[in-house]
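When you get a sec, could you give me coordinates for this:
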Amino acid sequence: RFCTLLAAVMRAFVRTQPAARRAFLAAPIGGAGVACAVRMLTYDVPAWVETLRADAKSSESSISYDVRIYDEMAWVRRPYVFDKQSWDPNTLSTMLKRKLCLGDEHKEYTVIGEAFPFADRNDSPVVNEPTMPAKLLWDHTSKTEKIMIQLGEQFPPLLWHSVKPTLPALRKVFKEFLDADAEHMKKYLPVYEETQNRIETRHRERFGEELADYKMRDAFVDDMRRKHPGELTQDWNREHMLMLGTVEHFASVEDKMMKHNPFVFGWPILLSEGNHHLEGTPMRVAAFRTIYSKSLIMLHSRLDLQLDPRQFTADDDDAVPVLEAPLFAHIDYPANTRLCGGAALVQRFNRAMGTSYPDDTPVDVLGAFAKEITVKGLKEAREEALFLEQAANKAPDIDRTIRLAPELSGHNKILSQLAFSVVTLALMNDPHLEEIIGRLERHESEVVRIGCAKAASLVERPDIVSRIAEREPAGRAKHMMDVMAKMADTSKLQKEAAGAAGDEVPPQA
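Residues are numbered from 1 along each chain as shown. Coordinates of the predicted model:
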């Protein structure tokens, strides 16, 4: 109390006496409260703060989205600190930290208020009681009048909204989040209640009475392991595809997303580990809901991407599964203007992180993959394929290394990567895939031709696969292509039959 009173008196006196201000700031003063007061005196509080506080108080009886501006003595000025649970700072590189902090890890911001609580990641995606308010911050070094919104503690400065410091501007931002939440609840509340009733019947207990929250969550996760992948539907009208490198065990990806990603709910929408619908298929699929924009993130991978003819026997139609399968993320998100923080925020993120997200990608989607080492959109995947095509034409056929195994040759490595890049474009639904295949299907490398055939089979073009196979000499490669053409034709017919009958599409399709 003494420090607060002293700070108030000092502020009133120093503001009116410039000479006293200079002398006071130069004097050494101890005590945590007094030190905080001294730091507050080093800058003038802008006039818009009081205006915003008054507007928020006057509109408390209406929909104000819980905007609250703290008393100046309760303000906290500090740099952004990476949360140990959300980010695990020990595993982050200095370069990544600097990017996420807009180039300066030590820059300080002032927390001046809070607004609009959001759900916690441990809550249910559909029914929850929001208890995590967004923070309102002020950059005292900025010459522009603006207020910054930190939606949650896990959001670094690179993902903060910047808006005009007025109540209507704040309302517009939070209204979009509220609308997305309402639309999501409207669609999935009946589904959630049905799932809850099924779990309560199975356990013969009522949720909230004998059935504890954690039991409900565990039962819900187990229920998602029984869910058919065909039940996933597109919720929103915007989508984006990412390639996230390769992975040895898809179950570890699911576990990491479910337990450690602070931007998605810990209640998955679909799991492949233990899912009997995916047993015996090369597909692995998991789905998660983001906390803030309610976007749907579907992770998927497949094991039947073997391009090495040596791993394929002439008397068997099955190739040895790849040891490291590619990992993809299909993002389904709502069209918006403020869930993304504005096009300028996404463009700044793309420049800093070397990505190519659409200008309206929600900030929680950006944050969900900010720690990933490999994040390729369709643009980066195309550029990589073109680079490898040019590199393959310039690389020497024979390395200057004595007794080097053929598969370790630099030239052969480039060719294998080129073949795999064509398959990647197929899995990312590249609209220009046929043009790329047409350019590479007569390549002198057997692996590249197999890659083109595999890519065509993945997009269900048995005609292209058969065309490539017809020119292939007899051997394992030709047999691989014949099998691919047969599988692509079968998959296409299955989908057509299922669509005509209105049935679910098999998960392997």
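
What is the subsequent helix or strand relative to the helix or strand harbouring residue 347?
Using DSSP states H and E, residue 347 maps to helix 343-353. For helix 343-353, the succeeding helix or strand toward the C-terminus, using DSSP H and E, is helix 363-368.

and that following helix, how far out from the chain's middle?
Centroid displacement of helix 363-368 relative to its chain, using Cα atoms, centre = their mean, to the nearest Å, is 5 Å.

neighbouring contacts of that helix?
151, 154-156, 159, 161, 261-264, 290-293, 295, 297, 331, 333, 339-341, 345-346, 349, 357 (Cβ atoms under 8 Å, 6 or more residues apart in numbering). Every residue, glycine included, has its C-beta placed from N, CA and C.

Pull the number of nearby residues for the closest residue to residue 309 other than its chain neighbours.
Spatially, and ignoring its direct neighbours in sequence, residue 309 is nearest to residue 476 (4.0 Å; Cβ to Cβ, 6 or more residues apart in numbering). Residue 476 is flanked by 17 other residues according to other Cβ atoms under 10 Å.

And for residue 381?
Residues lying near residue 381 (other Cβ under 10 Å) number 21.

other SSEs contacting the helix or strand hosting it?
Secondary structure assigned from DSSP H and E places residue 381 in helix 378-394. Packing partners of helix 378-394 (3 or more Cβ pairs under 8 Å, 6 or more residues apart in numbering; DSSP states H and E): strand 238-247, helix 410-427, helix 433-440.

Buried residues in the shortest one, which are they?
Of the residues in helix 433-440, those scored as buried under the neighbour-count criterion (16 or more other Cβ atoms under 10 Å) are 433, 436, 437, 440.

pLDDT of it, averaged?
Across helix 433-440, the average pLDDT comes to 94.

any idea how far the very next helix or strand once past it is from the chain center?
Going down the chain from helix 433-440, the next helix or strand is helix 446-458, by DSSP H and E. In terms of Cα atoms, centre = their mean, the centre of helix 446-458 is found 30 Å from the chain centre.

For the remainder of this discussion, apply numbering that starts at 37.
Will do, 37 is the new start, and the previous item becomes helix 482-494.

Show me what helix 482-494 packs onto, helices and strands only.
Using 3+ Cβ pairs under 8 Å, 6+ apart as the contact criterion, the elements in contact with helix 482-494 are helix 446-463, helix 469-476, helix 498-506, helix 512-537.

Send over it as CSV, restricted to the C-alpha atoms.
Backbone C-alpha positions of helix 482-494 (Å, rounded to 0.1, in the frame of the first residue of the first chain) are rendered in CSV as follows:
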residue,chain,number,x,y,z
GLU,A,482,13.7,-45.8,-63.5
VAL,A,483,13.0,-44.4,-60.1
VAL,A,484,11.6,-41.1,-61.5
ARG,A,485,9.4,-43.0,-63.9
ILE,A,486,8.1,-45.1,-61.0
GLY,A,487,7.5,-41.9,-59.0
CYS,A,488,5.4,-40.5,-61.9
ALA,A,489,3.4,-43.7,-62.1
LYS,A,490,2.8,-43.7,-58.3
ALA,A,491,1.7,-40.1,-58.3
ALA,A,492,-0.8,-40.8,-61.1
SER,A,493,-2.2,-43.8,-59.2
LEU,A,494,-2.7,-41.7,-56.1
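
That helix to helix 498-506, inter-axis angle?
Inter-element angle recorded for helix 482-494 and helix 498-506: 160 degrees (by axes from the mean of the first three to the mean of the last three Cα atoms, to 10 degrees).

Where is the longest helix in the protein?
The residue-count maximum for a helix in the chain (DSSP state H) belongs to helix 203-239.

Tell me the helix or strand right after that one.
Heading C-terminal from helix 203-239 (DSSP H and E), you reach helix 249-260.

export the helix holding residue 417 as CSV, just CAs?
Extracted C-alpha coordinates of helix 414-430, given in CSV (Å, rounded to 0.1, in the frame of the first residue of the first chain):
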residue,chain,number,x,y,z
LEU,A,414,2.2,-26.4,-52.3
LYS,A,415,4.4,-23.4,-53.4
GLU,A,416,7.5,-24.8,-51.6
ALA,A,417,6.8,-28.3,-52.8
ARG,A,418,6.7,-27.2,-56.4
GLU,A,419,9.9,-25.1,-56.0
GLU,A,420,11.6,-28.2,-54.5
ALA,A,421,10.5,-30.4,-57.4
LEU,A,422,11.8,-27.9,-60.0
PHE,A,423,15.1,-27.5,-58.1
LEU,A,424,15.6,-31.3,-58.0
GLU,A,425,14.7,-31.7,-61.7
GLN,A,426,17.4,-29.1,-62.6
ALA,A,427,19.9,-30.6,-60.1
ALA,A,428,19.4,-34.1,-61.6
ASN,A,429,20.3,-32.8,-65.0
LYS,A,430,23.5,-31.2,-63.8
